[in-house]
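Trainee: Dropping the sequence and predicted coords here.
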Amino acid sequence: MAAGRLSFLRRAAAIPWSSIAGEAIDRVLLVAKTVCAVHVVNTYVCSIALVRGPSMLPTINITGDIVAVERISPLCSLIAVGDVVLLRSPENPLKTVTKRVLALEGDAVTFLLDPTKGFATKTVLVPKGHVWVQGDNIYESRDSRQFGPVPYGLIEGRAFCRVRSITRFLLLKHKSFVVVVTFSVYI
Amino acid sequence: MVRLSSLWLLTRKSAVGALLGITISDRYLTISPVRGNSMHPTFSASSTSFPGYLKGDLVLIERFCLQDFKFSHGDIVIFKSPNDHRQIYVKRLVALPGDWVEASSDILKIPEGHCWVEGDNPAMSWDSRSFGPVSAHQQTKFFFFPLQFVSAEIKWVATSFDVIVRL
């Protein structure tokens, strides 16, 4: 019994614990560094988003388009009129919506109260620190015409590029995929 | 050459440290000094310029609440000002969506996705009484408890600890 226990302890002591621990820490640190780098790039530089819904037709498909979103413009206050932006919905902070910026602070916006009925319009002055956003499809969009001007701080990114089509091309001989992606760039 | 390689090593280490620090402070916890006196008895600032404000109250900010945006009355929150997205304010949450508040002879209902914030020192506070309800997503952080620096020694203010955590 004692001999068995001793040999077990000897074998246990022979395992290089410190180098295993060192390697484990290195691997964990590498994963942590990658996760942090991905987070920083996604939050401060550039990211990808899947945008769905009818409110930005015909610019963005109803069943979903992948758009590339850059995060530098909102941080440096470079958002301009005509930009397609991703913003947190003022009605529900858990939802992110995509709309187009139509007016910046200080501008006056005139819009149709009900685009399907009549020509009654309303004019609103956009207050300081806010922007006016509207979907491209005014008949099916819930935007600043309903919830008012949106504070600039809710803008999360500017969509600058859309992946339009992905076609898969199968080479019978080598069984490899060639993916062709065409981009359309927003100005 | 030795100096160059050690400089490169230093740059790499500080870049990694910066990445880790930015991620932790964006997602989990961060510490920040308080400037201004709008929360006066709760948080006192000593001055508004660097490095004077480091002598005032420092607070520990947690970001876990941003996963589901569930706040309660009396929480102290920090948020971007609705009038200028570069300014960050600290105030106390007074009313949640659906509540009614009285604001300068008007009675308002707080809309969905917004909340009403007010400073503890109403004489010196630029808050919802002036700029209206604040959209919930602009709250980027949530105060947890204050750490008070007294000549480079961290002193825990026990009474404040009890009061600030979940009123």
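Mentor: That came through, no problem.
Trainee: the longest helix in chain A is where?
Mentor: The longest helix of chain A (DSSP state H) is helix A:17-44.
Trainee: quick check, A:Phe8 in a helix?
Mentor: Yes. A:Phe8: assigned to a helix according to DSSP: H, G, I helix; E, B strand; the rest coil.
Trainee: Tell me where the chain has helices.
Mentor: All of this refers to chain A. In chain A, the helices defined using DSSP H lie at A:2-14, A:17-44, A:72-75, A:144-147.
Trainee: actually chain B
Mentor: B:2-27, B:128-131, B:158-164.
Trainee: out of those, nearest to chain A?
Mentor: helix B:2-27 (4.1 Å; CB to the nearest CB). Yep, even glycine has a C-beta here, placed from its N, CA and C like the rest.
Trainee: Check which helices and strands that closest one sits against.
Mentor: helix A:17-44 (3 or more CB pairs under 8 Å, 6 or more residues apart in numbering or on different chains; DSSP states H and E).
Trainee: where does chain A dip in pLDDT?
Mentor: A:1-2, A:164-187 (pLDDT under 70).
Trainee: who's the residue positioned nearest the centre of it bridged to?
Mentor: Most central residue of chain A, judged by C-alpha distance to the mean C-alpha position with CA atoms, centre = their mean, is A:Ala49 at 4.0 Å. For A:Ala49, the beta-bridge partners are A:Val67 (DSSP bridges).
Trainee: Spit out the contact partners of it.
Mentor: A:66-67, A:69, A:86, A:96, A:98, A:157, A:159 (CB atoms under 8 Å, 6 or more residues apart in numbering or on different chains).
Trainee: Same question for B:Val117.
Mentor: Going by CB under 8 Å, 6+ apart, B:Val117 touches B:77, B:79, B:89, B:91-94, B:127-128, B:134.
Trainee: Among the residues you listed, which are located in strands?
Mentor: Mapping the contacts of B:Val117 onto strands (DSSP state E) picks out B:77, B:79, B:89, B:91-94, B:134.
Trainee: what angle sits between the longest helix of chain A and helix B:2-27?
Mentor: For helix A:17-44 against helix B:2-27, the angle by axes from the mean of the first three to the mean of the last three CA atoms, to 10 degrees is 70 degrees.
Trainee: could you say what helices and strands helix A:17-44 packs with?
Mentor: helix B:2-27.
Trainee: make it 10 Å
Mentor: strand A:46-51, helix A:72-75, strand A:155-171, helix B:2-27 (3 or more CB pairs under 10 Å, 6 or more residues apart in numbering or on different chains; DSSP states H and E).
Trainee: now these as JSON lines including distance to B:Leu108?
Mentor: Formatted as JSON lines, the helices and strands packed on helix A:17-44 follow (distance: least, CB to CB, whole Å):
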{"stretch": "strand A:46-51", "distance to B:Leu108": "34"}
{"stretch": "helix A:72-75", "distance to B:Leu108": "29"}
{"stretch": "strand A:155-171", "distance to B:Leu108": "25"}
{"stretch": "helix B:2-27", "distance to B:Leu108": "33"}
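Trainee: Ok, which of the ones you listed comes nearest A:Arg10?
Mentor: Ranking the helices and strands packed on helix A:17-44 by their distance to A:Arg10 (criterion: CB to CB) puts helix B:2-27 first, at 39.3 Å.
Trainee: What residues sit buried inside the closest one?
Mentor: B:19-20, B:22-23, B:26 (16 or more other CB atoms under 10 Å in any protein chain shown).
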